[in-house]
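Q: Fold the stuff below for me.
(chains A and B)
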Amino acid sequence: MPPVRFVNVTKRFGKVLAVDRISLEVSDGEYLCVLGPTGSGKTTLLKLMAGLLLPEEGSIYIDEKPANHIGAQDRNAVYVPQRYALFPHLTVLQNVAFGPLARGKPVSDALEIASKTLELVRLSSRAQALPNELSGGMQQRVALARGLASGARLLLLDEPLSAIDARLRLDLRHKIRDIVRQSGLTAIHVTHDQDEAMSVGDEILILKNGRIQDSGPPRRVYRKPASIFVTNLFGGASFFEGIVDNTVGETALVSARGLVIQAPSRMLTLTSPVVLAVRKERVRLSFNQPPEMDNVFKGEIRNIRFLGSSNEYVIRLSNGDSIASRNFAESESEFKVGDEVLVSFREGDVMVFEYPPQGLSKELEIA
Amino acid sequence: MEQVLSGAKPHVNPTSTLTRLLLCLERASAKPTTIKSVYAVGVSFFLLIVIIPSIAGIVAQMFSLPSLVLNAVTLNGMERAVSWSFIIGLTVSSLDIVAGVPLAWLIVRRRGHWATILDSLADIPFIVPTVALGFSILQFWSSPDGIAQLFGSKSIVPPGVVLIMLLHFAFSYPVIVRVMVGEFLNYRETYEVAARTLGASSFTAVRTVTLPILRPGLLAAFLLALARSLSETGATIVVAGSFENGTVFISNARNLGLTSAVVVASLILILSSLVVFSAIKLVAPRIRVAPLRVWPNFERKLSRSPTVAIRNITSVTIFLVFVLLPCLFIALPAIMAVASGTASEAILGAGPWKAFWSSMLLSYTIAVLVTIVNIVSGLPLAILVARNRFGTRITKLVDALVDLPIIVPSLALGVSLSFFWGRIGSLPEFWVIVLAHTTITYSYFVRTMTASIQEVQPELEDAAKTLGALPFRIFRKITLPLTKYALLSGAILVFTRSVDETGATSAVSKTLKTAPILLVNWIKGTVSVTPTERALGVGFLVATSFLALVVLRLIAIRQPSRKVG
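A: Below you'll find the predicted structure:
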C-alpha cells in the first residue's frame, strides 16, 4: 500500500504555480529524493504531503485514504524543517518525547520511547542538554529522533543537511539513510545537491517550475536523463548544437558547427536540429590516436583544475566549442595548458535531445 | 585614513544645510572621543535627570525629618496597604495576561481591517488621562447612571478593592497587548509547524511550544503591568472609597500631614517593588518546563473552529466591556454635546474653553518636547545596554535601574521630583514639567529600544564598518532603519504617557495647567462646568491623542521596517 499518492495536485501562491498538476506514488519503505533548483516547488510538495498546505486541485492519498482535508496533526507524517526547529526551551530528551506526549502517551511511557530513540541515533549521553548546546550534526540527529519517536510512518526531510559542514555532510547523509532503513520508515528527502540525491535515494524525482522533469532510480536518471535540463542538473556535461546530416544504421551523423559527431540514431529524422551532450568522465584525452573511438577531434587545453584524485580539463575544439574532460591523475599523462591534444568519446556515450523550442541557453539556466 | 573618510562621503548637494550637517556629524563620529562623549552625555542624563530625581526627594526628606514617628496603628495600616498593593498588582497582571494574550494573538493572526482597528482601539486606555480614567470607571461601575441602569439597580461595583482591580485591569491591559503583539510578530512559526506535524493540535502547540518560547516577552509584559498597578495613584484614589492600598495610603497620609508615614511607606513600596521585580526576573527564566501532560482529545476540541470562535468572541467582549467601554464612559455624553451646540461653543473658545485650549496646546507642546528629549537622550543608553558596552555586571545593574521610574509610586515620584527641582532653584516651571515627564517616560522608550537593538545582528554593523562607513552613518543607515518600528512604538508610549500624566505633574506644577490637570479640576468641581462640558473636554483630549496615534501608525505602516521571520 503506497503511503503517499498524488493525483494531479496543484498549488498556487497568488499567480505563481508552485506545484503544477503533479502525480506521483511513493512505495512503502522507499527513500525518495526530491531534487530541484531553488523555487522549483520542492518544499511546497513536502508541505502538501505534511498537510501544512492544502492543494487547490487534485487529490492526495495517505495510505490510500483521501487526505486532502486531514490536518497536519493527524497525518502521521513528520515534517523536519531546514533548521530543524528543535524546541529551544526543552531538553533533547523532552524534544524527542514531544511527539508521543502530543499523542496522549503518559509522561513515563513517552520518556521511555524517547530514550530508546536517542540510543538509536547514539545521543543518549546528551539527553539532558538543550538544543543550542549541540553541534549542527547532533541537532540534525535529534530532529530525526524526534520524528522517529512520534510514531510517524512518513518522514519529510526538508534540506536536512544544508546547515552542516561539507565534510560532516557526506558522513551524515548515509547515517540518516541507515537509521530510516532500520526503522522501516518511508522518507521523502528534499535537496538541491545532486550528489546527495544520487547517493542516498532509492528513487530520484526531479522538479522544475512545479513540474516533474524526470523520476526513477539514480542510475537510470543519470545515464538516460529525460531532458537537457536534467542532464545539466547533474553537472559535468558538454553540450553541442547540431543538425542531423545522415543516418547509417544505428548511427546518426550530426554536423555541429563544422564537426561531424557520431551519435545513436534513435528516431532521428534528417535535417532536424538536435542537442548533443557528453559527460566529462566519458571524454578521453591523448597525444596519440586512441584505439576504437568513434569520435576523435583535435583541440587545445585551455584550463586545468586539479581535484586530488582526478584532473578536470577544458579543451577548445577546432570549431571554437569547448568540451570538458575528467581523467584520473596519472603521472604519465600530465597535460599542460596550451597542449595540442586529441579528444575522444564513444558514440554510445553521446546523449541526443530534440532542439528545445526556447533555445539551448534557456534550457541550461538553473535558477 | 583619508581614503576611508572620502570613501564614506555621501554624494551631497552642497547647498543643503541638512546634508552638510549630517556630513559634519559623520566626520565627527570618526573620532573615538566624540562617541565616548555622546555615551557619557547619555549616561549622565540617565543618572542626573532620571535616577537621582526619582528617589532623591524621598531620601532627602527621610534625612531631614527630626525623627521617624510612627505609631502602631499607622504601622499596621501601612503594612496592610502595601500587602494589598502586591495582591492587587499580582492578581490583576495575571488576569491581564490571560485576557490580553488571546486578543494579541487574534490581532496578529487575523491580519485584517478588524484586527488593525482592534489594535488601535487597544491603545485608548493609554491616552485617557489617568484621573479621568478613574472617574470614568467609577461612573461606569458604581454610579446609578452607569451600567447599573441596565439592571435597574443603584450600583454594580461599589468603590473599594474590586473597583481598584477593575481600574488596574483596564489600564494595564493595553501594555500586555502592545508587548505581545510585537512578540508574536517576531516569532518564528516553524516551531509551531514542527509541533503540529508531530501530532499536536494547534492549542497544544501554542500551550507547550509558542508560549514557553515567548516567556521573556510574557515576563516583560507582566512586569510592566505590575509596575503600572503598583505605582498608579491618581485614578486609584478616585475609585478606592475607604479602602487603602500602598499608593492610596501614601496619598491619605500626605493629606493628614503625616510626613514620616509618607516617606516610610514610599520607601517600603519602592524597595519591596525592586525586590519583587528582581526576584521575578531572576527566578522566572530558570524555571525549566518539565515535559507536560497532553490531553489530545480535549485540546483538539479546543482547537476546533467553533471553540476558537467562542474564544475570540470572549476576548473581544472582555476587551470591550471591561476595558474600552469603562475607559470611554466619561466621554460618551460628548456625542450629545455635539448635537446640543455645546461643541460649537467649545470650539469657539467661549467660557471655560479658552483655558481648555491653551492647556491642550501646552500639553502637546510638552509631549512633543519630551518625546524628542527622550529619543535623543535614551538612544545612547539603549545602545550601551543592548550591546553590553558596560560589561555584564554593570549592564545588568543599569538595566534594572531603567525600570525605577515606573516602579516608584507616581505620587511619591511627584513628591520627589518637586522636592528635587524645587531645590535646584530657578528653572522655569515649563522646563521642570518637561524634565519631570522625561523622567516618568524614560523607561518606556529605553526598554522598547534596547529589546529591538538586541535583535539587530552586530554582524550587520561590522559589515558596514568594513565597507568604510563611519559610526554615525552606520547608525543612521543600518541600525535606525532596522529598529524604526520599535522607535515608533517607544515614541507612542512616551507621547501618550506625557499627554495623560496627572499625578506627578500636579506635584511639580504651580501655575501652569496641562490638559489633564485642568480636567481634574473640572471633574473635581474646582471649576464649575456642566457634565456635558466635562465629557466634551475629556472627549477632545482622547480624540486628538487618538488622531496623533493614527497618524504615527500611518507613518509606521508606510515605511515598514519590521523584521520578517
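Q: Quick check: residue B:546 touching residue B:127?
A: Yes - with contact defined as CB atoms under 8 Å, residue B:546 reaches residue B:127; the gap is 6.2 Å. Heads up, the C-betas are built off the backbone N, CA and C, glycines and all.
Q: Might you list the low-confidence residue ranges for the chain?
A: Went with chain A since none was named. For chain A, residues meeting the criterion pLDDT under 70 lie at A:1, A:329-333, A:366-367.
Q: was after chain B, sorry
A: For chain B, applying pLDDT under 70 flags the ranges B:1-15, B:67-69, B:288-292, B:342, B:425, B:556-565.
Q: Point out the residues in the stretch 151-300 of chain A that sit beside chain B.
A: A:151-152, A:156 (CB under 8 Å from any CB of the partner chain).
Q: Of the residues you listed, select the buried ones using a ChimeraX command.
A: Selection of buried members from these for ChimeraX, criterion 16 or more other CB atoms under 10 Å in any protein chain shown:
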select /A:152,156
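Q: Okay, and which of the residues of the stretch 151-300 of chain A next to chain B map to strands?
A: Secondary structure assignment by DSSP state E places residue A:156 of these in strands.
Q: which parts of the lengthiest helix in chain B are buried?
A: In chain B, taking DSSP state H as the definition, the longest helix is helix B:72-110. Using 16+ other CB under 10 Å as the test for burial, helix B:72-110 gives B:74, B:77-78, B:81-82, B:84-86, B:88-90, B:92-93, B:95-97, B:99-108.
Q: quick one on the thing from earlier: more crowded one of residue B:546 and residue B:127?
A: Set side by side, residue B:546 and residue B:127 show more neighbours around residue B:127, with 23 against 18, by other CB atoms under 10 Å in any protein chain shown.
Q: show me what contacts that one?
A: Applying CB atoms under 8 Å, 6 or more residues apart in numbering or on different chains, we find residue B:127 in contact with B:496, B:499-500, B:541-542, B:545-546, B:549.
Q: go again using 10 Å as the cut-off
A: B:133, B:174, B:327, B:492, B:495-497, B:499-500, B:541-546, B:548-549 (CB atoms under 10 Å, 6 or more residues apart in numbering or on different chains).
Q: Against residue A:234, how distant is it?
A: 64 Å (CB to CB, to the nearest Å).
Q: what sits up against stretch A:54-65?
A: Outside of stretch A:54-65, the residues within contact range by CB under 10 Å, 6+ apart are A:1-12, A:17, A:19-23, A:25, A:28, A:44, A:47-49, A:51, A:66-71, A:74-77, A:153-154.
Q: Around chain A, pick out the residues from the stretch 301-450 of chain B.
A: Counting by CB under 10 Å from any CB of the partner chain, the stretch 301-450 of chain B comes close to chain A at residue B:303.
Q: How are the helices of the stretch 301-450 of chain B distributed by residue range?
A: B:305-318, B:325-328, B:333-340, B:342-348, B:353-386, B:392-402, B:404-407, B:410-424, B:429-454 (DSSP state H, counting those that start in this stretch).
Q: Next, count neighbours for residue B:256.
A: Residues near residue B:256, counting by other CB under 10 Å: 11.
Q: Distance check, it against chain A.
A: Residue B:256 sits at a distance of 51 Å from chain A (criterion: CB to the nearest CB, to the nearest Å).
Q: which residues in chain A form helices?
A: Counting by DSSP H, the helices of chain A are A:42-50, A:92-102, A:107-120, A:136-149, A:166-183, A:194-200, A:218-223, A:228-233, A:360-363.
Q: can you put the ones you listed in a markdown table and add distance to residue A:85 and mean neighbour count?
A: What follows is the helices of chain A, written out as a markdown table (distance: least, CB to CB, whole Å; neighbours: other CB atoms under 10 Å in any protein chain shown):
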| stretch | distance to residue A:85 | mean neighbour count |
| --- | --- | --- |
| helix A:42-50 | 13 | 24 |
| helix A:92-102 | 10 | 27 |
| helix A:107-120 | 17 | 18 |
| helix A:136-149 | 8 | 24 |
| helix A:166-183 | 17 | 15 |
| helix A:194-200 | 21 | 19 |
| helix A:218-223 | 29 | 16 |
| helix A:228-233 | 29 | 22 |
| helix A:360-363 | 37 | 14 |
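Q: picking that back up, so for residue B:546 and residue B:127, which residues contact both of them?
A: What both residue B:546 and residue B:127 touch, as defined by CB under 10 Å, 6+ apart, is the set residue B:496.
Q: so what's residue B:450 up against?
A: B:378, B:381-387, B:398-399, B:402, B:486, B:490.
Q: Same question for residue A:325.
A: A:236, A:238, A:278-285, A:299, A:301, A:311-315, A:335, A:341, A:343-345.
Q: what is it paired to in the beta sheet?
A: Using DSSP bridges, the beta-bridge partners of residue A:325 come out as residue A:313.
Q: any idea how far it lies from chain B?
A: Per CB to the nearest CB, residue A:325 is found 41 Å from chain B.
Q: in the stretch 51-200 of chain B, which spans are strands?
A: Counting by DSSP state E, counting those that start in this stretch, the stretch 51-200 of chain B has no strands to list.
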